[in-house]
Each structure stands twice: as C-alpha cells, then as structure tokens.
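>>> Model the following, please.
(one chain, ligands or ions: 2)
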Amino acid sequence: MIRAFRAELLSVAEDPRDAPDAVRHEADGLLVVEDGVIIARGAYADLVEHYPNVPVEILPGLVVPGFVDAHVHYPQTDRIASHGEQLLDWLDRHIFPAEKAFADKAHADAVAAFFLDELLRNGTTSALVYPTVHEQSVDALFEAALARRMRIVSGKVLMDLGPEGLQDTVASGRAETEALIRRWRGRGRLGYAVTPRFALASSDAQLADAGALLAEHPDVLMHTHLAENVHECAAVAARFPEAADYLDAYDRFGLVTPRSVFAHGIHLSDRACSRLHESGAGIAVCPSSNLFLGSGFFNFGQADRHGLRLGLGTDVGAGTSFSMLYTAGLAYQAALAREERLDPFRALWLATAGSAVLLHIGDRVGALEVGQEADFAVLDCAATPLLARRTRGADLAERLFALQILGDDRAVARTYVLGQCAWQRP
Ligand code: GUN
Ligand code: ZN
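Ligands and ions are numbered 1, 2, ... in the order given. Presented below is the predicted three-dimensional model:
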C-alpha cells in the first residue's frame with residue numbers, strides 16, 4: 001500500500017562538518033511510503049502530481065528521522081536517578097542488584113515492554129541495547145521489539161568476573177551467545193551484538209572468546225564500554241599492565257573492528273584515537289550519563305582531529321533521560337565545556353544518521369532517504385509555553401536548537417515505525 005505524508009521535513013544524512021550540504025530540509029515536503037519504505041521525498045508542490053490517487057496525511061510538526069540511541073541499558077530503566085556514586089560504586093550499589101532480577105523472564109518481559117514504549121514516546125525507533133547476563137533477558141527484549149517492529153540490536157552481556165549471581169563462564173557465555181544468534185538471526189529488524197560488559201568484568205579467556213565469536217560471525221556487532229571513569233581507567237591499567245592503554249586491552253583480544261561500538265571514550269590517548277580511526281570502530285557519546293556519574297566531558301575536538309566515527313547514546317540508567325533531543329542538548333553543553341561548538345544540525349546528525357552508521361544500519365534508517373525505512377518522529381516546536389515563545393518567528397537552526405535545549409518527550413507529538421503511527425501524544 002502507498003501512503004504519503006505532508007509536513008516540514010528535516011534530515012542530516014552525513015556529518016555536516018564534512019559535508020556542508022548534508023542538511024536536507026523541505027519547508028512543505030511530501031514523503032511517499034510503500035510497505036514501510038520511502039519511495040519518494042521532495043517538495044509537496046513538485047511531487048504531489050505524481051501520486052494523484054495516494055492518500056495524503058498532514059503531520060502536525062517538524063518531521064525528523066526516528067532517533068537512533070547508540071547505547072542504552074534496558075534493565076536499568078527502574079534504577080534511573082539513583083543517588084550518590086561514581087561508576088564503580090554506582091554499579092555495585094544500584095545496578096548489579098537490579099540486574100539480578102532479570103533471571104526472571106516475566107520481570108524481563110515487563111521491563112522490556114515499558115522500555116520500548118518509552119523509546120517510542122521519545123521518538124526513538126532504533127537502538128543498541130544492553131540487556132543483562134541472562135539469556136532470557138535478550139529474548140524478552142527481542143520479542144517485545146519484534147511485536148513493535150522496531151530496529152533493535154542487542155546481545156547477552158558477557159561477564160564471567162561479575163559479582164555473585166550475575167556471572168557467566170567462558171563456556172556458558174559462548175553457548176548462550178551462539179544459541180541467541182541462531183534463534184534471532186534474520187528475524188524482524190533485529191541484530192545481534194557480542195557484548196562483553198567492560199574490560200574489568202571479563203577474564204582474559206572470555207575477552208579472547210568474545211574476539212573469536214566476532215570473527216566467527218561477521219554480521220554481528222561488538223558492543224562494550226571504554227574509558228568512561230578515571231577510577232575504572234586506573235583499574236584497567238593495573239589489570240592489563242602490558243596494554244598500551246584501555247583500548248589496547250580490547251585490541252589484544254580482537255575486539256577493535258569496524259563493527260565495534262564503544263560507549264563513552266572520555267579518557268582516550270591520541271594513540272587510542274588513531275587506532276580507533278584506523279580500525280573503523282566508533283564511539284557512542286553519552287553526555288547525560290557522563291554528567292550524572294561525574295565521568296567528564298567527551299572531547300569532540302580530539303575525536304574530530306582523528307576523524308572518529310561517532311553516534312549519540314542516552315546510556316539510561318546512568319543517563320537521566322530517554323530523550324535523544326535532550327541528550328543532544330547535553331552534547332552541546334559537554335562540547336562547550338571544552339570550548340568546542342556543536343551545531344544543532346550536527347547534533348541531529350549524531351542522534352540519527354551518525355548513530356545509524358555507527359550501528360551499521362545506516363542503509364536502512366537515519367536520513368529519510370528514498371529506499372530507507374519510514375521511521376520518523378513528528379516534533380512540536382510549541383510543545384510547552386516556553387518552547388512556543390522561544391521559537392516564535394525563529395529560523396530553522398534556532399528552532400532545532402531550542403528543541404534540543406528545551407525539549408524532551410513532551411516535544412514528540414508522534415512516532416512512526418515503518419510508516420505506521422506507533423505513538424501519539426494524548
Ligand atoms: N561500565 C560497565 N558497566 C556499565 C554500566 O552498566 N553503565 C555504565 N555507564 N558504564 C558501565
Ligand atoms: Zn552503558
């Protein structure tokens with residue numbers, strides 16, 4: 001079936017730092033969708049005559065690609081806003097106890113459903129997601145994503161050095177990973193990521209086995225944390241004295257590849273940045289989390305000097321919001337703390353096509369281009385009295401920036417998945 005949507009359209013297919021004409025904007029646009037895929041996009045006046053019998057739905061707001069959250073933990077949904085600690089103590093005190101509950105499939109099902117609905121409420125249609133160490137926590141998430149037709153990438157967390165009750169073994173980690181890949185490969189819009197929690201939670205043998213799993217399954221991603229917190233970095237340096245730096249601790253086990261996504265990367269050596277660039281691996285920048293856990297500010301200047309691949313992640317539950325708009329606003333503030341300017345179009349790119357390319361789904365989503373899947377969010381510049389007042393008479397860049405600084409889930413009027421409305425603000 002063919003349907004069309006008339007609205008203001010905005011997308012940023014490439015990093016505007018490299019491609020100044022990457023911003024694509026139709027003040028009065030038409031998006032034509034057949035069976036969930038975009039078959040035409042352009043100015044309404046130019047396109048409409050080519051689709052005389054196609055029903056046209058008018059969308060009330062600024063249509064942008066569905067957001068792509070490049071790093072988020074669904075089992076931490078109920079531990080968002082947990083007070084008082086930096087990373088390692090926060091994990092011990094708040095997160096590990098909560099993750100133990102995911103041994104229960106019914107609990108995992110309930111949280112996964114809430115989590116994915118929360119993503120949709122925030123305009124997020126794709127994500128790279130941490131579950132827990134439990135195999136059934138992945139099943140719960142994938143089943144819920146399949147039901148919502150969302151594009152979700154995830155994979156059982158590997159952590160044979162985790163706390164009691166939250167450990168696997170090299171053998172069980174491999175067996176469950178292989179079973180999950182077999183069970184879920186090719187289903188819906190799902191993808192798999194080999195997911196060692198971080199360097200400190202896996203033995204050398206498990207890190208090596210994760211590298212072997214990656215080599216054996218060339219279609220899967222690698223997803224982990226990197227250089228987030230100074231105490232974590234010190235512990236990694238002590239555990240891996242022969243490694244040149246934190247990244248090298250992963251590299252020695254074959255975990256630094258073009259399909260590797262590292263969350264954070266706050267404390268990186270120039271050597272590590274060169275190696276990231278050379279390998280094609282990328283960083284999910286998580287400014288909300290970095291502020292909440294006192295981890296620091298991502299160094300956009302260093303990353304850009306090295307040409308690193310970047311995306312944007314909320315990192316809930318260390319992140320304090322599911323909103324990629326709000327997180328984009330914090331990315332601006334994190335950049336400015338290091339005297340770097342993040343323009344609002346680049347921030348939108350990070351939250352959409354940048355993240356999509358990082359997750360190797362950039363051919364499918366992220367830019368509202370012909371041939372891509374019709375996942376999009378309808379943003380309301382008048383969602384709150386303050387937003388309405390601040391954006392009255394404002395140009396596109398000002399409106400977009402106001403949405404990032406003042407907006408959040410309230411600014412998402414609707415979310416569409418494969419051309420169908422999956423969320424509508426009451
Ligand atoms: N490093 C290892 N595990 C975690 C986690 O759950 N959250 C964050 N932010 N960092 C981590
Ligand atoms: Zn994380």
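>>> Please count neighbours and contacts with C-alpha atoms only from this point.
Fine.
>>> what's the following helix or strand after the longest helix seen in the chain?
Scanning the chain for the helix with the most residues, using DSSP state H, yields helix 105-121. Next helix or strand after helix 105-121 toward the C-terminus (DSSP states H and E): strand 124-130.
>>> Output the helix or strand that that next one is followed by as PDB, nothing but the C-alphas.
Downstream of strand 124-130, the next assigned helix or strand under DSSP H and E is helix 135-148. Written as PDB, here are the backbone C-alpha positions of helix 135-148 (Å, rounded to 0.1, in the frame of the first residue of the first chain):
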ATOM      1  CA  GLU A 135      20.000 -15.300  28.000                       C
ATOM      2  CA  GLN A 136      16.300 -14.800  28.600                       C
ATOM      3  CA  SER A 137      16.800 -11.000  29.100                       C
ATOM      4  CA  VAL A 138      17.700 -10.900  25.400                       C
ATOM      5  CA  ASP A 139      14.600 -13.000  24.400                       C
ATOM      6  CA  ALA A 140      12.400 -10.600  26.400                       C
ATOM      7  CA  LEU A 141      13.800  -7.600  24.600                       C
ATOM      8  CA  PHE A 142      13.800  -9.100  21.100                       C
ATOM      9  CA  GLU A 143      10.200 -10.500  21.500                       C
ATOM     10  CA  ALA A 144       9.000  -7.000  22.600                       C
ATOM     11  CA  ALA A 145      10.900  -5.300  19.700                       C
ATOM     12  CA  LEU A 146       9.500  -7.800  17.200                       C
ATOM     13  CA  ALA A 147       6.000  -7.000  18.300                       C
ATOM     14  CA  ARG A 148       6.600  -3.300  17.900                       C
END
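>>> which residues touch the longest helix of the chain?
For helix 105-121, contacts defined as Cα atoms under 8 Å, 6 or more residues apart in numbering pick out 74-75, 77, 101-102, 125, 136-137, 140-141, 144-145, 322-323, 409, 412, 414-415, 422-425.
>>> likewise stretch 129-143?
Contacts of stretch 129-143 (Cα under 8 Å, 6+ apart): 70-75, 99, 102-103, 105, 108-109, 112-113, 152-159, 166-168, 176-177, 180, 184, 190, 195.
>>> Just the ones in strands from those residues, please.
When DSSP state E is applied, these are split such that Ala70, His71, Val72, His73, Ile152, Val153, Ser154, Val157, Leu158, Thr195 fall in strands.
>>> And the single nearest residue of the stretch 301-426 of the chain relative to ligand 1, what's its pLDDT?
Closest approach of the stretch 301-426 of the chain to ligand 1 (Cα to the nearest ligand atom) occurs at Ala318, with a separation of 5.3 Å. We have a pLDDT of 98 for Ala318.
>>> Now do the same for it: helix, strand or coil?
Here Ala318 is recorded as coil under DSSP: H, G, I helix; E, B strand; the rest coil.
>>> tell me the contacts of it?
Ala318 neighbours (Cα under 8 Å, 6+ apart): Ile80, Ala81, Ser288, Ser289, Asn290, Phe292, Leu293.
>>> please redo it, this time with the cut-off set to 7 Å
Listed by Cα atoms under 7 Å, 6 or more residues apart in numbering, the contact set of Ala318 reads Ile80, Ser289, Phe292, Leu293.
>>> can you list the residues of the stretch 51-200 of the chain near ligand 1?
For the stretch 51-200 of the chain, the residues in contact with ligand 1 (Cα under 6 Å from any ligand atom) are Arg197, Phe198.
>>> of all the contacts of Ala318, which comes closest to ligand 1?
Ser289 (6.4 Å).
>>> which residue sits closest to the closest one, ignoring its sequence neighbours?
Spatial nearest neighbour of Ser289, chain neighbours left out: Gly319 (3.8 Å); criterion: Cα to Cα, 6 or more residues apart in numbering.
>>> anything in stretch 229-246 near ligand 1?
No: judged by Cα under 6 Å from any ligand atom, stretch 229-246 and ligand 1 are separated, with a smallest distance of 8.4 Å.
>>> Could I get the buried residue list for that stretch?
Asn229, Val230, Glu232, Cys233, Val236, Ala237, Phe240, Ala243, Asp245, Tyr246 (16 or more other Cα atoms under 10 Å).
>>> Same list, those residues, but as TSV with secondary structure and distance to Ile266 please.
As requested, those are exported to TSV (DSSP: H, G, I helix; E, B strand; the rest coil; distance: Cα to Cα, whole Å):
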residue	secondary structure	distance to Ile266
Asn229	coil	7
Val230	helix	9
Glu232	helix	11
Cys233	helix	10
Val236	helix	14
Ala237	helix	15
Phe240	coil	19
Ala243	coil	18
Asp245	coil	13
Tyr246	helix	11
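>>> Check those and tell me the two furthest apart.
Asn229 and Ala243 (17.7 Å; Cα to Cα).
>>> how close does the residue nearest to Ser289 sit to Ala81?
8 Å (Cα to Cα, to the nearest Å).
>>> so where's the stretch 101-250 of the chain uncertain?
Within the stretch 101-250 of the chain, not a single segment meets pLDDT under 70.
>>> Apart from its neighbours in sequence, what residue is nearest Asp35?
With Cα to Cα, 6+ apart, the residue lying closest to Asp35 is Met1, at 5.7 Å.
>>> correction: His73
Per Cα to Cα, 6+ apart, closest to His73 is Tyr130, 4.5 Å.
>>> Residues contacting the host helix or strand of Ala215, please?
Using DSSP H and E, Ala215 sits within helix 204-216. Applying Cα under 7 Å, 6+ apart, the contact partners of helix 204-216 are Val170, Val194, Val220, Phe253, Gly254, Leu255.
>>> try 8 Å
By Cα under 8 Å, 6+ apart, the list of residues contacting helix 204-216 reads 158, 160, 169-170, 174, 194-196, 199, 220-222, 250, 253-255.
>>> neighbours around Asp109, how many?
21 (other Cα atoms under 10 Å).
>>> how far away is the residue nearest to His73 from Gly191?
Applying Cα to Cα to Tyr130 and Gly191 gives a distance of 12 Å.
>>> And Asp408, by the same measure?
Asp408 is 27 Å from Gly191, by Cα to Cα.
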